[in-house]
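Q: Just need the structure, nothing else, for what follows:
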Amino acid sequence: MSKHALRTYLPVIIALAVASLIVLRFDDVCGIVGTVWSAVEPLAVGAVLAYLLNFVAAFWESVWFPKNTKSLVIRTRRPICVILAVATATLVIAALVMFVTSEFKSVGSAIVSGLAEAATMASQAITQLPGGENALVLDNATVDSLAEQALSAVGGASEALRIVAHTGGEVAHFAICVLLGMMFALYLLLDKNRVKAGATRLVQQIPSEQVRERLLHAYRITNDCFSRFIRGQCIEAVILGVLCALGCLVLRFPYATSIGLIVGVTSLVPFAGAWIGGIVGAAMIFSQDPLQAVQFVIFLVVLQQIEGHLIYPNVVGQSVGLPSIWVFVAVIAGGSLFGLLGVLIGVPVISTIRTLVMEHFEKADKKAGSFKPAEKKIGKESEEQAQA
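A: Presented below is the predicted three-dimensional model:
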């Protein structure tokens, strides 16, 4: 076998062998992947946090004496801007959590009592229907009895304690990952230039210049799509939250500011986030006035139509260059494959893939364009022959 044939068929043979090994030992491969992911999960979280915080740090670097050439200012600009970025993100998150938490404390009991009252009224209405005399009436005693039966069905107090312990372990694991990831993110941000230089040096070790250029181009496209998506999503969330709050104020719904904030924050999740916030808002209004809750749902449907046809395509859709149908596909496919993480990153990932594929097709069309004049000439000659 010649060297050219060996270079051609060897990668295919290796790929088939690896694919066969994965299929035959799928459980073992999943176990190995899970072990590796557990080891690198804090690093992955730190890389994501560093990427997000870099937007804020870059803003502060453009503000913190950008034209000053003194050595002290140059040496301290990066650490000071990183500290300001972390402080800004922490203050924003703390303010949102405190505001939402304070509102939920005041309306939480009202929501529970309102939902319980609605369930009781619905069950009583069902008993008044023909054939509904034997239906279960949901009052406080019935709810307590159902809770006891559910607890005994899952194994009593010991099972409940096991669930609580498991949940606590998951929360502790998540907190440790975030803490370690935050420390790694700070290292990445403080040594951003050195990390970039190291990554560039690593890419330069690839012998093929064409492969190096493709990797660097794919990196630039990926970074551009993700950064534009994050900016567009944040702008869209602010616009939707403000419009929701103003609409609630005009229509005199209770908790207008809180509902606008909740809808705006949850709309950071593409496609379905605003509806999640809307459900919470409807429950809050329902605790005060069920009729206004219905009106709020109608208002949210109208607002979502405006957001889906005007705001989202013009803000997020144009920012990532992705049609609405592809946004829908990205959210559904990403959520089905990777859960919440897939929902969050599905749009920029699909945008990146689509951009690279479209560039490939454009290059192919340009290469084939040299043959089009000949095809037109042949077509013209055939027409003249047909006319003759």
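Q: What segments of the chain are helices?
A: In the chain, the segments counted as helices under DSSP state H are 3-24, 26-63, 71-127, 140-153, 156-190, 192-204, 209-250, 256-266, 273-286, 290-306, 312, 318-320, 324-368, 372-387.
Q: lowest-confidence stretch among these?
A: Between the helices of the chain, the one with the least mean pLDDT is helix 372-387; it has a mean of 43.
Q: got the helices of the chain as a markdown table, with mean neighbour count columns?
A: All C-beta atoms are positioned from the backbone trio N, CA, C, and that covers glycine. Converted to a markdown table, the helices of the chain look like this (neighbours: other C-beta atoms under 10 Å):
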| stretch | mean neighbour count |
| --- | --- |
| helix 3-24 | 10 |
| helix 26-63 | 14 |
| helix 71-127 | 14 |
| helix 140-153 | 11 |
| helix 156-190 | 13 |
| helix 192-204 | 11 |
| helix 209-250 | 16 |
| helix 256-266 | 22 |
| helix 273-286 | 21 |
| helix 290-306 | 16 |
| helix 312 | 24 |
| helix 318-320 | 19 |
| helix 324-368 | 16 |
| helix 372-387 | 9 |
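Q: distance between stretch 344-361 and the chain's centre?
A: When C-alpha coordinates are averaged (C-alpha atoms, centre = their mean, to the nearest Å), stretch 344-361 and its chain have centres 16 Å apart.
Q: got it, and stretch 251-269?
A: The offset between the C-alpha centroid of stretch 251-269 and the centroid of the whole chain comes to 19 Å, using C-alpha atoms, centre = their mean.
Q: hmm, who's touching it?
A: Identification of contacts with stretch 251-269 by C-beta atoms under 8 Å, 6 or more residues apart in numbering yields 96, 99-100, 103, 107, 233-234, 236-238, 240-246, 248-249, 273-274, 276-278, 280-281, 284-285, 288-289, 292, 295-296, 299-300, 340, 343-344.
Q: Let's see that with 6 Å instead.
A: Counting contacts by C-beta atoms under 6 Å, 6 or more residues apart in numbering, the residues outside stretch 251-269 that touch it are 103, 233, 237, 240-241, 244-245, 248-249, 273-274, 276-277, 280-281, 284-285, 288, 292, 296, 343.
Q: what does stretch 31-43 give?
A: For stretch 31-43, the surrounding residues in contact (C-beta under 6 Å, 6+ apart) are Cys177, Leu180, Gly181, Phe184.
Q: That one: how far from the chain's middle?
A: Centre-to-centre, stretch 31-43 and its host chain are 21 Å apart (C-alpha atoms, centre = their mean).
Q: what do you get for stretch 182-189?
A: The chain centroid and the centroid of stretch 182-189 are separated by 22 Å under C-alpha atoms, centre = their mean.
Q: what's the closest non-adjacent residue to the most centrally placed residue in the chain?
A: Computing the C-alpha centroid of the chain and ranking residues by C-alpha atoms, centre = their mean puts Leu344 first, at 1.3 Å. Spatially, and ignoring its direct neighbours in sequence, Leu344 is nearest to Val269 (6.7 Å; C-beta to C-beta, 6 or more residues apart in numbering).
Q: now do Leu21
A: Per C-beta to C-beta, 6+ apart, closest to Leu21 is Val29, 7.7 Å.
Q: do you know how far that neighbour is from Leu337?
A: In this structure, Val29 and Leu337 are 17 Å apart, going by C-beta to C-beta, to the nearest Å.
Q: can you pull the contacts of Asn295?
A: No, residue 295 isn't Asn; it's Gln. Applying C-beta under 6 Å, 6+ apart, no residues contact Gln295.
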